[in-house]
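> just to be clear, the model below is a prediction. Sequence and coordinates:
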Amino acid sequence: MTTPLTPLGLDIPVLAAPMAGGASTAAMVIAAAQAGGLGFVAAGYKTPSSLQAEIAAVRSASIPFGVNLFVPNPVPIDAAAYRRYAEAVQREADRFDLTLPVDPLDDDDAFGDKVDLLLADPVPVVSFTFGLPDREVITGFKKTGTVVVQTVTNRAEAQAAVAAGVDMLAVQAATAGGHSGTFTPGTLPATVPLTDLLADVAAAVDVPLIAAGGLGTPEAVSDVLGAGAIAAAVGTVLLRAEESGASATHKAALIDPARTETVLTRVFTGRPARGLRNGFIDRFAADAPLGYPAVHHLTSPLRKAAAAAGEADLVHLWAGTGYRHARDESTASILAGLAHRG
């Protein structure tokens, strides 16, 4: 089957999903390509200059790759609700001598500047998550020859993305680790098996689909390929890989027998994300307001300090439902194994 990815010469139908915040590294992207797959530079939370430097490092390997962008989809937060939450979270931060923002902070993750960077110096693939960019942005990328991929979590989002002109869809189930790509973060994504979600989306649109969400075994990859996906995107299974930039605290939590479940939560960032259940989630799940990126900026200093100190109960331990399959191997070995190679 010829797809927009065919010219990239991929040998395996398994991709390294972008993981913002440090887990995805240039080394991981390069290793994914060297295994015959495709990796994505995670542009989220990076400055445009940092993104440019990481792209340069990946380009030096002369490989195909993608870049993932967070599309601004702000979730306004009530100032009073923010301050109540900030006061409660500050008590946790006091042990690290941190002063958290007392007023909501907002930004668009420098989306416009990152778009301009990628239009001026095109990359093979660009993917979007959190929201659907303007049609003009999509058209601009397509004119440069960049393949445009949109993350969607349901049929309606898929139809909107195809109508806007994207080339492919990354169909993400609620089982995925980290942030949900839902366009409507005020509502938790429906818990639908990934194979059923693929079938529902495929019945509504006629573009190639990439499957994402909880995939950690060759059998799971085979199932989504059998359900019509042209490739599987995996992230959590790579968190303990040699090339992973995840913190030691995060890596250890993935194999901690006391961590027995993942949950969807907004306590860390103000929009739904799946991670290992921990003390912070238990304490704040009932009180955390919606509000992205304000809640993200509120808790970010605490999470970084806690990760450095090994305090896993205060860290966003992003993980999909297949987290027990994360392995201490090279990215290339993990991807090849998922594709029944090697």
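Nice, I can see it. These figures come from a predicted structure and were not determined experimentally.
> buried set for stretch 91-110?
Within stretch 91-110, the residues that qualify as buried are E92, A93, L100, P104, D109, A110, counting by 16 or more other CB atoms under 10 Å. Any C-beta I mention is one placed from the backbone N, CA and C, and that applies to glycine too.
> for P185, give me its contacts.
By CB atoms under 8 Å, 6 or more residues apart in numbering, P185 lies in contact with N73, V75, F130, R266, G270, R271, P272, L290, Y292.
> could you give the number of residues near the first one?
Pointing back at N73 there. By other CB atoms under 10 Å, 18 other residues sit near N73.
> excluding its backbone neighbours, what's nearest it?
Counting by CB to CB, 6 or more residues apart in numbering, G131 is the residue found nearest to N73 once chain neighbours are left out, at 3.5 Å.
> can you tell me which residues contact that neighbour?
V71, P72, N73, F183.
> where exactly do the helices run in the stretch 51-200 of the chain?
79-93, 111-120, 135-144, 155-163, 194-202 (DSSP state H, counting those that start in this stretch).
> check those helices for me and report the most buried one.
helix 194-202 (a mean of 20; mean count of other CB atoms under 10 Å).
> can you list contacts of it?
Outside of helix 194-202, the residues within contact range by CB under 8 Å, 6+ apart are 152-155, 158, 169, 171, 173, 175, 192, 209, 211-215, 223-224, 226-229.
> try 6 Å
Taking contacts as CB atoms under 6 Å, 6 or more residues apart in numbering, the residues outside helix 194-202 that touch it are R155, A158, V171, A173, A211, G213, D223, V224, A227, G228, A229.
> tell me the pLDDT at the last one?
Residue-level confidence at A229 comes out at 96, pLDDT.
> am I right that it is in a helix?
No: secondary structure assignment places A229 outside any helix; it is coil (DSSP: H, G, I helix; E, B strand; the rest coil).
> can you report how many residues neighbour the closest residue to it other than its chain neighbours?
Nearest-residue entry for A229: A211, 3.8 Å, with adjacent residues in sequence omitted and distances by CB to CB, 6+ apart. A211 sits with 31 neighbouring residues when counted by other CB under 10 Å.
> for A211, phi and psi?
Recorded main-chain torsions at A211 are phi -100, psi 140, according to degrees, to the nearest 10.
> fine, thanks again, bye for now.
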